[in-house]
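1. A predicted structure for the sequence below; I have some questions about it.
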Amino acid sequence: MRPMLRFGRLPYSTYVRTAFLPTIYALSTSIGQRSAIAVVRVSGSHSKYIYHSLTESQAEPIARRASLRNLYEPGLQTKNLLDSSISLYFDAPKSFTGEDMLELHVHGGQAVVRSVLNAIGSLNDRKRGREIRYAQPGEFSQRAFQNGRADLTQIEGIGELIDAETETQRRSALSSFKGLNRALFAEWRARIVNNIAQLTAIIDFGEDTDITDVDQIFNNVTAEVKAVEQEVTDFIHKIDKSSILQRGIKLVLLGQPNAGKSSLLNSITKAETAIVSNIPGTTRDAIDVPLDINGYKVVLCDTAGLRSNSDDQIEKEGIKRAQLKSSQSDIVLVLIDPTNDPLITIDVEKYIKEELSDKDVIIVVNKADLMDDTSTNLVRKMLKNKFQGSYSIEVVSCLNEQGIDNLLRKLTDRFKKLATSEEGSDPVVVSKRVQEILENDVLFGIKEFLTFRQYDDVVMASESLNYAAEGIGKITGETVGVEEVLGVVFSRFCVGK
Ligand SMILES: Nc1nc2c(ncn2[C@@H]2O[C@H](COP(=O)(O)OP(=O)(O)OP(=O)(O)O)[C@@H](O)[C@H]2O)c(=O)[nH]1
């Protein structure tokens, strides 16, 4: 039996698939925090009933128009005012969930929020067919998906958007949310399905078809499938590169004692986040400071000063950790104190050359305020010769902030290169689930196709392409087997999303 394949635009329907489900409500803003405003969200066919019961108003709510409404405890003879709220009503299907929805913007105090939530909950009356209950995590988004208001990649994009801490994370999450990835997936799927159709023609009419035509069709299909394979592989490469945005770029400060590592960390964070002292060896451990540098999430690590002749066990351990941290880093800033003689010890020089040869290293000459132009140039020249010009050399002074902005600009250029695969292309962030399906279903199906193609097995080659197409369907939520992925996608959400 040939599997049913659907692709292209999301099904948009005026019919609400979830109409028979209970009406759900939840606090959509942070729980347990004092705030000026809190938003309570309601979704489902009893939204309007809840509106009438709480406002004690007979007038129909006007869709998508904010109105100031008093909220009362329902079902009492004497009115008990709970709060004065801004109410917003959305009628199905033109709402986030595709159902009737009500948003109540109440005052953010915990008692106010609790009283409004209790009042809504008290309207649950199953005997009268009014099932109203508190929402489960991700349930609003799940209904949006079930009613065709968003596909799974967009829903996951919402999750990423809410979790985004920096500008670059926000931009990449927005591209999933706006459906840019979905459009790409839909295009791949359409191309694969088109090729399945051609192979099906060979299977169905094979005996009546000229053998050279069969070869021609098979060759064309193979070329097209290989092109899709390349695009999927490039896309996965982009995802790998962009994943650095989520975990943060690891930037390590390394150098001999007293070079000014902690001072540079403070200059960068513009706050006293590390101990600064003139006793060499003050920093005895590696300290991670998460930062937002020009929109990039960076984990900046200050380490213990490198020296070979320490007898102090704690310091020795600190040096070991500093070396471990730099081996796990994305970028290493090697700090040099230009007043040191020699500029850099043989051990440290050897360590940089041998252990950091595959790392992105920038040499930072600190304490520029203690040098004139001639000595600065001399130091530059000496370092350039020592490292055969392999690393860029920046001159700064943590004392008077000279060169710090320039260093941050240079670093930002490197962050950009680390996170994107081609010049100018936006980073791509997708969930682990999507990445796994791309690798284990889509690419796997394509590779299987190429194997069966070698044996001229049209039937199995076509089946393999089906597998790849079904994989893309799983990503967007358009094919069978969706139930199994729903749990994975929505379990990450909190209540109210
Ligand atoms: N003149 C001058 N002094 C600086 C500068 N940066 C740091 N210092 C001084 O250098 C000394 C060491 O600075 P730290 O930032 O503690 O150096 P460190 O590399 O973290 O030192 P360890 O923790 O021992 O490895 C302190 O007395 C700082 O005030 C600078 O740009 N100019």
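-> Right, received. Where do you want to start? Note that the coordinates shown come from a computational prediction; the quantities given were computed from them, not determined experimentally.
2. list the helices and strands the host helix or strand of residue 332 packs on?
-> If you go by DSSP states H and E, residue 332 is part of strand 331-336. Under the contact criterion of 3 or more Cβ pairs under 8 Å, 6 or more residues apart in numbering; DSSP states H and E, strand 331-336 touches strand 249-255, helix 261-269, strand 360-365, helix 404-419. Quick note: C-beta positions are derived from backbone N, CA and C, even for glycine.
3. can I get those in a markdown table with mean pLDDT and distance to residue 21?
-> Below are those laid out as a markdown table (pLDDT from 0 to 100; distance: least, Cβ to Cβ, whole Å):
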| stretch | mean pLDDT | distance to residue 21 |
| --- | --- | --- |
| strand 249-255 | 89 | 44 |
| helix 261-269 | 88 | 49 |
| strand 360-365 | 94 | 52 |
| helix 404-419 | 90 | 41 |
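4. Which stretch among the ones you listed approaches the ligand most closely?
-> helix 261-269 (3.4 Å; Cβ to the nearest ligand atom).
5. Spell out whether the closest one and the ligand are in contact.
-> Yes. Using Cβ under 6 Å from any ligand atom, we find that helix 261-269 touches the ligand at 261-263.
6. Helix 404-419 and that helix, what's the angle between them?
-> 80 degrees (axes from the mean of the first three to the mean of the last three Cα atoms, to 10 degrees).
7. any weak-confidence spans in the stretch 301-450 of the chain?
-> 305-320, 322, 421-426 (pLDDT under 70).
8. Looking at stretch 200-216 now, give me its mean pLDDT.
-> In this model, stretch 200-216 has a mean pLDDT of 69.
9. From start to finish, how long is it in a straight line?
-> This stretch, stretch 200-216, spans 14 Å end to end (Cα to Cα, to the nearest Å).
10. quick one on the thing from earlier: dump the helices and strands packed on strand 331-336 to JSON lines, plus mean neighbour count.
-> Listed next are these as JSON lines, based on neighbours: other Cβ atoms under 10 Å:
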{"stretch": "strand 249-255", "mean neighbour count": "25"}
{"stretch": "helix 261-269", "mean neighbour count": "23"}
{"stretch": "strand 360-365", "mean neighbour count": "22"}
{"stretch": "helix 404-419", "mean neighbour count": "16"}
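11. relative to strand 331-336, how tilted is the helix or strand following the strand holding residue 332?
-> The helix or strand immediately downstream of strand 331-336 is helix 346-355, counting by DSSP H and E. Angle of helix 346-355 versus strand 331-336, following the same axes, to 10 degrees, is 160 degrees.
12. okay, helix 346-355 in PDB with CA atoms only?
-> C-alpha atoms of helix 346-355 as PDB (Å, rounded to 0.1, in the frame of the first residue of the first chain):
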ATOM      1  CA  ILE A 346      59.600  29.400  27.900                       C
ATOM      2  CA  ASP A 347      57.100  27.100  29.500                       C
ATOM      3  CA  VAL A 348      54.100  29.300  28.700                       C
ATOM      4  CA  GLU A 349      55.300  29.900  25.200                       C
ATOM      5  CA  LYS A 350      55.700  26.200  24.700                       C
ATOM      6  CA  TYR A 351      52.300  25.500  26.100                       C
ATOM      7  CA  ILE A 352      50.600  28.000  23.700                       C
ATOM      8  CA  LYS A 353      52.500  26.600  20.700                       C
ATOM      9  CA  GLU A 354      52.000  23.000  21.400                       C
ATOM     10  CA  GLU A 355      48.700  22.700  23.200                       C
END
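13. so what does that helix touch, helix or strand wise?
-> helix 313-327.
14. mind running it again at 10 Å?
-> For helix 346-355, the packing partners by 3 or more Cβ pairs under 10 Å, 6 or more residues apart in numbering; DSSP states H and E come out as strand 249-255, helix 313-327, strand 331-336, helix 373-386.
15. Domain map for the protein?
-> Split into domains by automatic domain parsing, the chain comes to 23-147, 181-245+431-470, 248-418.
16. which stretch among those domains comes nearest residue 167?
-> domain 248-418 (3.2 Å; Cβ to Cβ).
17. Endpoint to endpoint, that closest one covers what distance?
-> Across domain 248-418, first to last residue, Cα to Cα, it's 11 Å.
18. how far is that domain from where the chain is centred?
-> With Cα atoms, centre = their mean, to the nearest Å as the basis, domain 248-418 stands 29 Å off its chain's centre.
19. now the longest helix belonging to the chain against helix 404-419, angle please.
-> Ranked by number of residues, the top helix in the chain under DSSP state H is helix 211-247. With the same axes, to 10 degrees defining the directions, helix 211-247 sits at 150 degrees from helix 404-419.
20. In helix 211-247, which of the residues would be classed as buried?
-> For helix 211-247, a neighbour-count test (16 or more other Cβ atoms under 10 Å) marks 214, 217-218, 221-222, 225, 228-229, 232, 235-236, 238-239, 241-246 as buried.
21. which other helices and strands contact that helix?
-> Using 3+ Cβ pairs under 10 Å, 6+ apart as the test, helix 211-247 ends up in contact with helix 167-177, helix 180-205, strand 296-302, helix 404-419, helix 432-437, helix 444-454, helix 458-476.
22. now for these, which one comes closest to the ligand?
-> Relative to the ligand, the nearest member of these by Cβ to the nearest ligand atom is strand 296-302, separated by 6.6 Å.
23. Run the angle between that closest one and helix 211-247 for me.
-> 50 degrees.
24. partner strands of strand 296-302, parallel or antiparallel?
-> Take DSSP bridges as the rule and strand 296-302 pairs in its sheet with strand 249-255 (parallel), strand 287-293 (antiparallel).
25. Could you export that strand as PDB, CA atoms only?
-> Listed next in PDB are the C-alpha coordinates belonging to strand 296-302 (Å, rounded to 0.1, in the frame of the first residue of the first chain):
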ATOM      1  CA  TYR A 296      26.300  36.900  21.800                       C
ATOM      2  CA  LYS A 297      26.100  34.600  24.800                       C
ATOM      3  CA  VAL A 298      29.600  34.200  26.000                       C
ATOM      4  CA  VAL A 299      30.900  32.300  29.000                       C
ATOM      5  CA  LEU A 300      34.000  34.100  30.000                       C
ATOM      6  CA  CYS A 301      36.500  32.200  32.100                       C
ATOM      7  CA  ASP A 302      39.100  33.700  34.300                       C
END
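26. tilt between that strand and helix 167-177?
-> If you take the same axes, to 10 degrees, strand 296-302 sits at 140 degrees to helix 167-177.
27. and strand 296-302 with the ligand, contact?
-> No. Using Cβ under 6 Å from any ligand atom, strand 296-302 never reaches the ligand; the gap is at least 6.6 Å.
28. for that strand, which positions count as buried?
-> Quick answer for strand 296-302 (16+ other Cβ under 10 Å): 296-302.
29. Now stretch 82-98 - C-alpha only, CSV.
-> The C-alpha trace of stretch 82-98 is given here as CSV (Å, rounded to 0.1, in the frame of the first residue of the first chain):
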residue,chain,number,x,y,z
LEU,A,82,-12.1,40.5,42.8
ASP,A,83,-10.2,43.0,40.6
SER,A,84,-10.6,45.5,37.8
SER,A,85,-9.1,44.1,34.7
ILE,A,86,-8.4,44.8,31.0
SER,A,87,-10.2,42.1,29.1
LEU,A,88,-9.5,40.9,25.6
TYR,A,89,-11.6,38.5,23.7
PHE,A,90,-10.7,36.6,20.5
ASP,A,91,-13.2,34.5,18.6
ALA,A,92,-12.4,31.2,16.9
PRO,A,93,-10.6,30.5,14.6
LYS,A,94,-8.7,33.8,14.6
SER,A,95,-6.9,33.4,17.9
PHE,A,96,-3.6,31.9,19.0
THR,A,97,-5.1,28.5,19.7
GLY,A,98,-7.7,28.6,17.0
